[in-house]
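**Q** Just to be clear, the model below is a prediction. Sequence and coordinates:
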2 protein chains.
Amino acid sequence: MISLVTDKEKISPRVIERLTRYLRCLENLSPDDYISSEEMAERMGLTAAQIRKDLSNFISDFGEGFGVRGKGYQVRILYSGIEKILGVHKTNNIIIIGAGRLGGALLAEPEFTKESFNVIGVFDVAEYKVGKEVNGIKIRHTSEIEYFLNTKDRVDIAILTVPKGVAQDIATTLIKAGVKSFLNFAPLKLEVPEDVVVSNIDLYGKLQELNYWKEKVNQW
Amino acid sequence: MISLVTDKEKISPRVIERLTRYLRCLENLSPDDYISSEEMAERMGLTAAQIRKDLSNFISDFGEGFGVRGKGYQVRILYSGIEKILGVHKTNNIIIIGAGRLGGALLAEPEFTKESFNVIGVFDVAEYKVGKEVNGIKIRHTSEIEYFLNTKDRVDIAILTVPKGVAQDIATTLIKAGVKSFLNFAPLKLEVPEDVVVSNIDLYGKLQELNYWKEKVNQW
DNA sequence: TAGATTGTTAATCGATTAACAATC
DNA sequence: TAGATTGTTAATCGATTAACAATC
């Protein structure tokens, strides 16, 4: 199979973030249609040059660029190409630690039920939750995590929606059991070995940022 | 009162995002202690130069920079200074639209109960939820939003945790009623007038990004 | 073929880092 | 005073934009 990256150049996080936004832009369009970088730029509030530059970092399964000169990008090809780059064309197994808080909400999100991400386990410390089901998945006690990881399918991503105070301990346990990537909602920097990836979402922080911008709009 | 911004220079979103992280770093430290940019950088995985540069964009209430040459930054002064820059030293009123999904979870988050953000209303379309309480706040029907906005306190931020399909309509209604800023969890670009600020959180997108990085780690 | 739009190179812009004089 | 660390300027690095030759 042809590699999706043209060369050994590192792709910047900015580019990857925009790829996910390109998917959002494309998902409502007819797969057979062509869309120009100009049209996409218009819809997304970006420049056409940036979109073309971003996409030029990769090559399609068919060997060359995603676009067709004079026509634009075919929605189907671009969409599935980006899915492949992101690795979301295949199923990725997820566990959620912390069923009470955000965890439960995430499980209920239709987006999270999409084919590419498959929640295979939910854990919590609260005894009264253990045994109950959320969206068809039984909540297990946190102490079972290690056993679970050793006996079940590969876990690709662990989502941490636990209180700040226990996040580091739980992460450490999971890493010992072989988990290599985390989506962390606890507002602290997890200390992890360098072969482990952590992506942080600080909801309260986002709210604080927005609070700054709302005061500044139209001030300049 | 002395302005917190030294001049008319625009502050970049990157800087503001880091300010919220500086708060996380500081909140566990003794207010009377001093911390150097070097120490902060170490804890956060940044460079000391960047922290000093970021902070040099602003001046404290006492007229000059936040730091003391030879000593560092006093935790108390820096923390409350950043709070003031972000406008989170005062109470900001929030409404949440969409009680079922993320909305309920956010309400339950202890972080969101902090003094600076005060949830004054929760709305949903589902009749069976209307009238119930989440965290002491009565859920109202979406159709009451306009009336609510006209009769209640000023609403500083609206959090949208509604399905993609209705997000734009609801946002438009809210804007007509005077809401000027949104934290939007629906995965689409809201069309808003230029005096309205929108901050987007795409949780599924974040998961997709992480999925890319987990495959790439240690590859270079 | 003529028109349109990509892929790519070069120019610009902005953000990070390094270095150091100012000063506590 | 000597040591430490800020605040700031200049140098570097990286990301965005502009421009255009390639080509469908």
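**A** In hand now; what should we look at?

**Q** what's the span of stretch A:152-169, first residue to last?
**A** Terminal residues of stretch A:152-169 are spaced 22 Å apart (C-alpha to C-alpha, to the nearest Å).

**Q** and it, does that touch chain B?
**A** Yes - on the criterion C-beta under 8 Å from any C-beta of the partner chain, stretch A:152-169 is in touch with chain B at A:156-157, A:163. Backbone N, C-alpha and C define where each C-beta goes, glycine included.

**Q** Can you get me a residue count around A:L183?
**A** 23 (other C-beta atoms under 10 Å in any protein chain shown).

**Q** and it, helix, strand or coil?
**A** Here A:L183 is recorded as strand under DSSP: H, G, I helix; E, B strand; the rest coil.

**Q** With A:Y73 instead?
**A** Going by three-state DSSP: A:Y73 is strand.

**Q** check contacts around the spatially closest residue to it that is not a sequence neighbour.
**A** Computed as C-beta to C-beta, 6 or more residues apart in numbering or on different chains, the closest residue to A:Y73 that is not its neighbour in sequence is A:G67, at 4.8 Å. With contacts defined as C-beta atoms under 8 Å, 6 or more residues apart in numbering or on different chains, A:G67 is in contact with A:37, A:52, A:55, A:73.

**Q** Same check on A:D169?
**A** No contacts exist for A:D169 under C-beta under 8 Å, 6+ apart.

**Q** And A:G136, by the same measure?
**A** Counting by C-beta under 8 Å, 6+ apart, A:G136 has no contacts.

**Q** can you tell me how far the closest residue to DNA strand C within chain A sits from A:R43?
**A** Closest residue of chain A to DNA strand C, C-beta to the nearest atom of the strand: A:G65 (2.1 Å). To A:R43, A:G65 is 21 Å away according to C-beta to C-beta, to the nearest Å.

**Q** before we move on, what about A:D124?
**A** 41 Å.

**Q** Please identify which of those two sits among more neighbours.
**A** Per other C-beta under 10 Å, whichever of A:D124 and A:R43 has more neighbours is A:D124, with 24 against 14.

**Q** for the residue nearest to A:G104 when sequence neighbours are not counted, phi and psi?
**A** Among residues not flanking A:G104 along the chain, A:V134 sits closest, at 5.4 Å (C-beta to C-beta, 6+ apart). Recorded main-chain torsions at A:V134 are phi -120, psi 120, according to degrees, to the nearest 10.

**Q** Measure how buried A:V134 is and give me the count.
**A** By other C-beta under 10 Å, neighbour count at A:V134 equals 20.

**Q** does it really touch A:G98, like I thought?
**A** No - under the contact definition of C-beta atoms under 8 Å, A:V134 does not touch A:G98, with a separation of 11.6 Å.

**Q** Would you mind listing the buried residues in the helix or strand of chain A with the lowest mean pLDDT?
**A** For chain A, using mean pLDDT, DSSP states H and E, the weakest element among its helices and strands is helix A:104-108, scoring a mean of 80. Buried residues in helix A:104-108, counted by 16 or more other C-beta atoms under 10 Å in any protein chain shown: A:104-108.

**Q** Quick one: distance of the helix or strand harbouring A:K138 to the chain centre.
**A** A:K138 is part of strand A:137-141, with elements assigned from DSSP states H and E. Between the centre of strand A:137-141 and the centre of its chain there are 23 Å (C-alpha atoms, centre = their mean, to the nearest Å).

**Q** What is it packed up against?
**A** In terms of contacts (3 or more C-beta pairs under 8 Å, 6 or more residues apart in numbering or on different chains; DSSP states H and E), strand A:137-141 is packed against strand A:117-124.

**Q** Great, nothing more from me.
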